[in-house]
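Colleague: With the sequence up front, the predicted model follows.
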Amino acid sequence: MNAVGLFHQTTEPFGDDWQASATIDHLKIRARLLRDIRAFFEARGVLEVETPVLSQATTPDPHLHSMTTRYSGPGFPAGKDLFLQTSPESAMKRLLACGSGSIFQICKAFRNDEAGRLHNPEFTLLEWYRTGYNDRMLMDEVEELVSTMLGIKPGFRRLTYHEAFEQHTGINPHVAAVELMQRYAAQSSIAMADGILDRDGWLDLIMTHIIEPQLGKGQPTFIYDYPASKAALASVRDGCPAVAERFELYVEGIEMANGFHELRDPRQQGMRFKQDREKRRKMNLADIPPDMRLLAALESGLPPCAGVALGVDRLLMVLLKAGSVGEVMAFRVDRA
């Protein structure tokens, strides 16, 4: 077989898969969006930073699945596994503890087991932290950024987690028994994945299947004051009930951003890592050791701050009225 014949034989199975999954026009708009985001923060004196994509630690959150790669060169023990980061949160908090002041980053993030209309294993994340801000103040800035980038009027709707559940399901999420949520799910024909759900699991199931698709229709909507059990890396405000100082933004039924008034107590953070590891054990997931460098940074003193992660691909998807995130990125995973 000659070289030309061999070339055609090896490339034929790919057909048109070598082509971009986004149009060139979409990629031009993407470039303009990234430029405008940077201009937004430059005008506010927020420093752009870059942190490693590879790290020796990652989140133990049982709902996030990290990817790993193996490093075999000098500087580490042979065969050292490194994590591809699910977000730059830990490294950015370490910079805050070093005295960086308010910072932002546009970066690649990686999550395993996530691919579909709203997900790609590799995606672009905008994350920023504002020193001296709380969650309410940061919600105002998120609204300003998103309304500017989408070319829509500000004045987003704001609902507490409690209000969202009451309006869409009639359930009080702070006191509802597991049995009540099980009955509601069955009556709503929600298919449950294999395994036994705890109380938070049932809240998540109802939120994702019933409430989320209705949020932000015609008017972007913030959900805030989550149950304390869903604090993740957010601080908890005492009250009856106590609530996590956390928010999420939804636009046209799509989760766009997730923000926190950041937890600064290293002991509390260490306890949450321990709880997440125990959840992973019960779910038969790989153990993730705690990020000791983050705990050391918190011990040295994290300034009062609020931070948020926003999906750039999803923002662009809404801007262009695209059917999936794959239509706004150069090559989705099946064409990478």
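Modeller: Yes, it's here. Numbers count the residues shown, from 1 in each chain.
Colleague: Show me where this structure has its strands.
Modeller: Shown for the chain, the strands assigned by DSSP state E span residues 47-48, 54-55, 67-71, 80-84, 103-110, 122-131, 157-160, 221-227, 236-237, 243-251, 254-261, 305-311.
Colleague: Minimum distance to I190: which of these has it?
Modeller: Closest to I190 of those is strand 254-261 (Cβ to Cβ; 18.0 Å). From N, CA and C alone the C-beta is placed, and that goes for glycine too.
Colleague: Give me the residues contacting the closest one.
Modeller: 118, 133-135, 138-139, 142, 146, 212, 216, 220, 232-235, 244-250, 306-311, 314-315, 317-318 (Cβ atoms under 8 Å, 6 or more residues apart in numbering).
Colleague: Off-centre distance for that strand?
Modeller: 7 Å (Cα atoms, centre = their mean, to the nearest Å).
Colleague: okay, the angle between it and strand 243-251?
Modeller: 150 degrees (axes from the mean of the first three to the mean of the last three Cα atoms, to 10 degrees).
Colleague: Just the CA trace of strand 254-261, in PDB.
Modeller: The C-alpha trace of strand 254-261 is given here as PDB (Å, rounded to 0.1, in the frame of the first residue of the first chain):
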ATOM      1  CA  ILE A 254     -29.300  26.500  34.100                       C
ATOM      2  CA  GLU A 255     -27.000  26.800  37.200                       C
ATOM      3  CA  MET A 256     -24.600  29.500  36.300                       C
ATOM      4  CA  ALA A 257     -22.600  30.400  39.500                       C
ATOM      5  CA  ASN A 258     -22.000  29.100  43.000                       C
ATOM      6  CA  GLY A 259     -20.800  31.600  45.700                       C
ATOM      7  CA  PHE A 260     -19.800  31.600  49.300                       C
ATOM      8  CA  HIS A 261     -19.100  33.900  52.200                       C
END
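Colleague: For the stretch 101-250 of the chain, which segments are assigned as helices?
Modeller: With DSSP state H, counting those that start in this stretch as the criterion, the stretch 101-250 of the chain has helices at 135-150, 161-169, 178-187, 199-206.
Colleague: To F273, which of the ones you listed lies closest?
Modeller: When the helices of the stretch 101-250 of the chain are ranked by proximity to F273, the top entry is helix 199-206, at 16.7 Å, counting by Cβ to Cβ.
Colleague: CA atoms of that closest one as PDB?
Modeller: Taking Å, rounded to 0.1, in the frame of the first residue of the first chain, the C-alpha atoms of helix 199-206 are listed here in PDB:
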ATOM      1  CA  ARG A 199     -31.600  13.800  53.900                       C
ATOM      2  CA  ASP A 200     -29.400  16.100  51.900                       C
ATOM      3  CA  GLY A 201     -29.500  13.600  49.100                       C
ATOM      4  CA  TRP A 202     -33.300  13.800  48.900                       C
ATOM      5  CA  LEU A 203     -33.100  17.600  49.000                       C
ATOM      6  CA  ASP A 204     -30.600  17.500  46.100                       C
ATOM      7  CA  LEU A 205     -32.800  15.100  44.100                       C
ATOM      8  CA  ILE A 206     -35.900  17.300  44.400                       C
END
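Colleague: can you list contacts of it?
Modeller: Contacts with helix 199-206, where a contact means Cβ under 8 Å, 6+ apart, come from 165, 169, 171, 173, 178, 181-182, 184-185, 188, 190, 192, 197, 227, 229-230.
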